[in-house]
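Colleague: Next comes the sequence, and after it the predicted model I'd like to discuss.
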Amino acid sequence: MCQNCKGNYYITTPIYYPSANLHIGHAYCTVATDAMARYKRLQGYNVKFLTGTDEHGQKIEDKAKEAGITPQQFVDNIVLGEKGVLDLWKLMNISYDRFIRTTDDYHVAAIQKIFKRMYENGDIYKGSYKGKYCKPCESFWTESQLVDGKCPDCGREVMDAEEEAYFFRLSKYADRIQDLLENTDFLEPRSRVNEMVNNFIKPGLEDLCVSRTSFTWGVPVDFDPGHVVYVWIDALFNYMTALGFENDKYDDLSAFWPADVHFVGKEIVRFHSIIWPAMLMSLDLPLPKKVYGHGWLNFNGEKMSKSRGNVVDPYLLSERFGVDALRFFLLRTFPFGSDGNFTNELLINTINVDLANVLGNLVSRTTAMAQKYFDSDLTLGGEAAELDAELKALSDEVVANYTRHMDAFQFSLGLNEAFRLIGRANKYIDETAPWVLAKSEDTKARLLSVLKNLCECIRIAAILITPVMPDTAESILNQLNVPAEGRVWDALVYESAEEKAWKTTVGAALFPRIDMEKELAALEELKAQAAKAALPAIEIEPYSEETVDFDTFCKSDFRAVKVKDCVPVKKSDKLLQFTLDDGTGTDRQILSGIAKFYKPEELIGKTLVAIVNLPPRKMMGRESCGMLLSAVHTEKGEEKLNLIMIDDAIPAGARLG
Ligand code: MSP
C-alpha cells in the first residue's frame with residue numbers, strides 16, 4: 001500500500017462485448033465506474049480501475065465471417081479502430097488504470113490454467129449438453145428458465161443444443177451462494193437479491209455447461225482439443241488475470257484482490273452474483289466485496305438496440321454538448337440502481353437548468369462582480385454577517401451527505417447535495433444584493449465578504465463535482481485561482497471569508513444555453529443522416545430463382561430504337577411519352593414511368609433498347625407499344641434507374657440478342 005494514502009481500492013466495469021459500436025447504455029456504466037474511481041482517488045485511495053473488452057464467442061465469429069475478415073481483425077477494428085472503444089473512452093475522459101482484452105495472450109494462458117484447476121479439483125466434469133441456447137446472449141438455459149419459450153434475458157428465440165461438453169458443478173454451491181446473497185451485503189441493491197434467489201436459486205441451481213465444440217473462436221481447452229471455454233468463464237476471470245492471477249504479466253493481486261466492487265448492468269447480475277462467486281469458491285479464492293447491479297437506460301421508453309435503430313451515440317452527444325455535460329446528465333438524472341429513460345429533451349433540459357442556469361450562472365455572476373467591484377482582487381478582511389454562518393452550516397451538511405451518498409453509489413443524490421449548495425449560493429446573491437452594497441463605501445467591506453463567501457461555496461461545490469465533471473471542476477477552480485492544496489478532499493472545509501483572499505478571473509460561459517427546439521431538430525436531422533449512411537451503398541434486387549427455357553427467351557424481340565421525340569404526359573408525374581424510330585419507317589410510341597429520373601429533352605437523339613413484341617397497353621388513355629429497358633438498383637436507400645443506352649452507330653431496328 002502507498003504511504004499517506006487511505007488504502008487500495010479496486011473497482012471494475014463489465015468488459016464490453018465488441019459485437020457492434022458502443023452506445024450510451026455502455027457508456028453509462030463506464031462513466032459511473034469512472035466517477036467512483038475518481039471519487040476514491042480524491043479521497044486519497046490508491047485506486048485500480050479496470051475496464052476492457054470481452055472478445056471471444058460465437059457471435060463474434062459469425063459477425064467476422066459475415067464481414068469477410070478474421071475474428072481478431074473484427075475485434076481489433078472495434079476496439080482499436082477510429083471511433084472505437086479506446087477512442088471513446090479517451091474522449092469521455094475515462095481514467096482507467098488498466099485495459100484488458102480477453103484475446104491478450106497472458107489472459108488466454110491463464111484461463112487455460114484456471115479451467116484445468118477446476119477440472120482437476122473435480123468441479124468441472126465431462127458430460128453431454130442438451131438444452132436451449134440463446135446465441136445473441138451466448139447463454140445456456142434450461143426449459144424452466146425460459147420465459148414464454150424465449151430467452152429470459154433478451155426475449156429472443158432460443159435453439160436446441162446437444163453436444164459433448166464440460167460442466168461446472170454449480171449446484172454444489174447453491175446453499176453457500178444463497179447464504180452469501182441473503183445474509184451479507186455482497187449484492188446490491190437489495191432488490192436484486194430477491195430476483196436472484198427467487199428466479200435462479202430456489203427453482204434449483206443446475207450445473208453449468210462451460211465448454212463448446214460448435215465454434216472455435218474462444219480459449220481452447222488445452223487438454224481436450226475441439227473444446228473452447230464458455231465465454232463467461234473466460235470473461236469473469238478477467239477481473240483477476242488483469243491483476244496477475246495465473247500469469248506473470250502483472251503483480252497486483254495481493255494488493256488489489258478481493259475487488260472492492262464490480263459495477264454491472266442488471267442483466268448480468270446472475271453471472272456476477274451466482275456463477276462468479278461459485279467459481280471462486282471452487283478455487284478457494286476470496287470473493288469480491290460487492291457486486292452492484294445498476295439499471296438500464298432505455299430510449300424514449302424502449303430498450304435500446306441496434307435492430308430497433310434507437311441506439312444513442314455517445315460520440316455524437318459528447319461532441320455536441322460536451323463530455324462533462326453528458327457525464328453529469330447520466331449520473332445526475334438516473335438513480336444508479338434503477339432503470340432510466342433517456343430522451344434528448346431531458347438531456348437538453350438538464351444542461352439548461354442545472355448547468356447553465358444554476359452552476360454556470362453562479363460562477364459567471366460571482367467572477368463578474370468580483371471584477372466589477374474589486375478588479376478581481378478580493379483581499380483579506382471584510383465584514384461577516386449572520387447569514388454567512390448559514391452557508392457554512394449548509395456546506396458542512398452537504399459534504400457529509402454527499403460522502404454518504406457517494407459511498408452508497410448514489411451519484412444522483414450526491415450531485416443533488418452539491419447543487420443544494422450551488423442553489424443556496426445563488427439565493428444568497430439575491431438576499432445580499434451586492435449591486436446595492438456596491439453603491440456606498442460604507443458597505444464595501446460587507447460586499448467583500450459576500451463575494452468571498454460565494455467563492456468559497458463555489459470552491460467546495462467544484463471539489464464535489466470533480467469526480468463527475470473533472471474538466472468543468474478544474475476550469476472553475478482555475479477561475480478562482482484555487483491553489484492545489486485547496487482542491488483536495490481534506491480541503492472540503494468551509495473557511496471563514498474574512499481570513500481568505502481570492503484573485504479571480506472571468507472565464508467564458510461554462511455551459512451556454514441550448515435552444516431546445518433548434519437542437520432537437522438538428523438531432524433529428526443527424527439521426528436521419530446516420531440512418532441513411534448506415535444503409536448499404538448499393539443494393540441490387542435478388543436474382544430470380546425461376547429459370548426461363550431458351551426458346552421462350554428467344555421469343556422476346558429486342559430492338560435498337562432512336563428517340564425522335566419525348567414529352568411528359570399531362571397529369572402524370574411518372575410517365576414520359578416517347579416517339580421512336582424503330583427502323584420500320586413507322587413511328588413507334590412507348591410510354592415509360594421514368595419521369596422522376598430524366599428530363600425529356602435530355603433523351604432526344606439517344607439510342608435505346610426496347611422490347612417490341614409485347615401486346616399494346618393503354619396508359620392514361622394513350623397506347624404504349626413495347627417497353628424500354630433500364631437498369632435499376634438502390635443506393636443508400638434511394639431507388640436509381642438508368643435507361644440502357646447503346647452506341648449511336650447501331651442503326652434503328654437492329655435486333656439485339
Ligand atoms: N461482456 C459482458 C460483460 C462481461 S463482464 C465479465 C457484457 N458486455 S456488454 O457489452 O453486453 O455490456 C457491457 C455493459 O453495458 C453491461 O454492464 C450492460 O449491462 C451495460 N449495458 C448495455 N446496454 C445498456 C443500457 N441500455 N443501459 C445501461 N447499461 C447497459 O455484458
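Modeller: The structure has been received and is ready for your questions.

Colleague: so what's the nearest residue to residue 346 once chain neighbours are set aside up against?
Modeller: With Cβ to Cβ, 6 or more residues apart in numbering as the criterion, residue 346 has its nearest non-adjacent residue at 6.4 Å, and that residue is residue 333. The C-beta positions use only the backbone N, C-alpha and C, and glycine is treated the same way. Going by Cβ atoms under 8 Å, 6 or more residues apart in numbering, residue 333 touches 340, 346, 350, 412.

Colleague: what do you get for residue 461?
Modeller: Contacts for residue 461 (Cβ under 8 Å, 6+ apart) come out as 359, 418-419, 421-422, 425.

Colleague: Just the buried ones from those residues?
Modeller: Buried by 16 or more other Cβ atoms under 10 Å: 359, 418-419, 421-422, 425, out of these.

Colleague: In CSV, list the residues you listed along with secondary structure, distance to residue 490 and pLDDT.
Modeller: Listed next are the buried ones among the contacts of residue 461 as CSV, based on DSSP: H, G, I helix; E, B strand; the rest coil; distance: Cβ to Cβ, whole Å; pLDDT from 0 to 100:
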residue, secondary structure, distance to residue 490, pLDDT
359, helix, 23, 98
418, helix, 17, 98
419, helix, 23, 98
421, helix, 18, 98
422, helix, 21, 98
425, helix, 22, 98
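
Colleague: need those residues in JSON lines with distance to the ligand, can you?
Modeller: As requested, the buried ones among the contacts of residue 461 are exported to JSON lines (distance: Cβ to the nearest ligand atom, whole Å):
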{"residue": "359", "distance to the ligand": "26"}
{"residue": "418", "distance to the ligand": "24"}
{"residue": "419", "distance to the ligand": "24"}
{"residue": "421", "distance to the ligand": "29"}
{"residue": "422", "distance to the ligand": "28"}
{"residue": "425", "distance to the ligand": "33"}
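
Colleague: Sort out which one of those residues lies nearest residue 505 for me.
Modeller: residue 359 (17.0 Å; Cβ to Cβ).

Colleague: That closest one reaches residue 510, doesn't it?
Modeller: Yes: under the criterion of Cβ atoms under 8 Å, residue 359 makes contact with residue 510 at 6.8 Å.

Colleague: follow-up on the earlier one: ok, the contacts of residue 333 vs the ligand, which is closest?
Modeller: Checking the contacts of residue 333 against the ligand by Cβ to the nearest ligand atom gives residue 340 as the nearest, at 8.0 Å.

Colleague: which non-adjacent residue is nearest that closest one?
Modeller: residue 334 (3.1 Å).

Colleague: Kindly report the same for residue 205.
Modeller: residue 174 (4.2 Å).

Colleague: and the one you found, what does it touch?
Modeller: Counting by Cβ under 8 Å, 6+ apart, residue 174 makes contact with 201, 204-205.

Colleague: Kindly report the same for residue 361.
Modeller: Residue 361 sits next to residue 426 when contact means Cβ under 8 Å, 6+ apart.

Colleague: I'd like the next helix or strand past the helix or strand harbouring it.
Modeller: For residue 361, the element it lies in under DSSP states H and E is helix 361-374. Later in the chain than helix 361-374, the nearest helix or strand by DSSP H and E is strand 377-378.

Colleague: Could you tell me the average pLDDT over that following strand, please?
Modeller: Strand 377-378 shows a mean pLDDT of 98.

Colleague: OK, contacts around the residue of the chain found nearest the ligand?
Modeller: Ranked by Cβ to the nearest ligand atom, the top residue of the chain for proximity to the ligand is residue 265, at 1.6 Å. Counting by Cβ under 8 Å, 6+ apart, residue 265 touches 14, 25, 29, 293-296.

Colleague: and what of residue 492?
Modeller: Counting by Cβ under 8 Å, 6+ apart, residue 492 touches 399, 460, 463-464.

Colleague: Contact residues of the stretch 1-150 of the chain facing the ligand?
Modeller: Neighbours of the ligand within the stretch 1-150 of the chain, by Cβ under 6 Å from any ligand atom: 14-17, 25-26, 28-29, 54.

Colleague: Can you pull the residues of the chain lying near the ligand?
Modeller: Taking Cβ under 6 Å from any ligand atom as the contact definition, the chain meets the ligand at 14-17, 25-26, 28-29, 54, 235-236, 238, 264-265, 267-268, 296-297, 304.

Colleague: sorry, back to before: with residue 52 as the reference, measure out to the residue of the chain closest to the ligand.
Modeller: As judged by Cβ to Cβ, to the nearest Å, residue 265 and residue 52 stand 16 Å apart.

Colleague: if we can go back for a sec, kindly present the residues of the stretch 1-150 of the chain next to the ligand as a markdown table, with separate columns for distance to residue 452, secondary structure and neighbour count.
Modeller: Output for those, formatted as a markdown table (distance: Cβ to Cβ, whole Å; DSSP: H, G, I helix; E, B strand; the rest coil; neighbours: other Cβ atoms under 10 Å):
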| residue | distance to residue 452 | secondary structure | neighbour count |
| --- | --- | --- | --- |
| 14 | 46 | coil | 23 |
| 15 | 48 | coil | 22 |
| 16 | 46 | strand | 21 |
| 17 | 52 | coil | 21 |
| 25 | 44 | helix | 21 |
| 26 | 44 | helix | 21 |
| 28 | 38 | helix | 25 |
| 29 | 40 | helix | 21 |
| 54 | 52 | coil | 24 |
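
Colleague: Tell me which two in those are the farthest apart.
Modeller: By the measure Cβ to Cβ, 28 and 54 form the most distant pair in these, at 17.3 Å.

Colleague: which SS class is the residue lying farthest from the centre of the chain?
Modeller: In the chain, the residue that sits farthest from the middle, by Cα atoms, centre = their mean, is residue 585; the gap is 68.3 Å. Per DSSP: H, G, I helix; E, B strand; the rest coil, the secondary structure class of residue 585 is coil.
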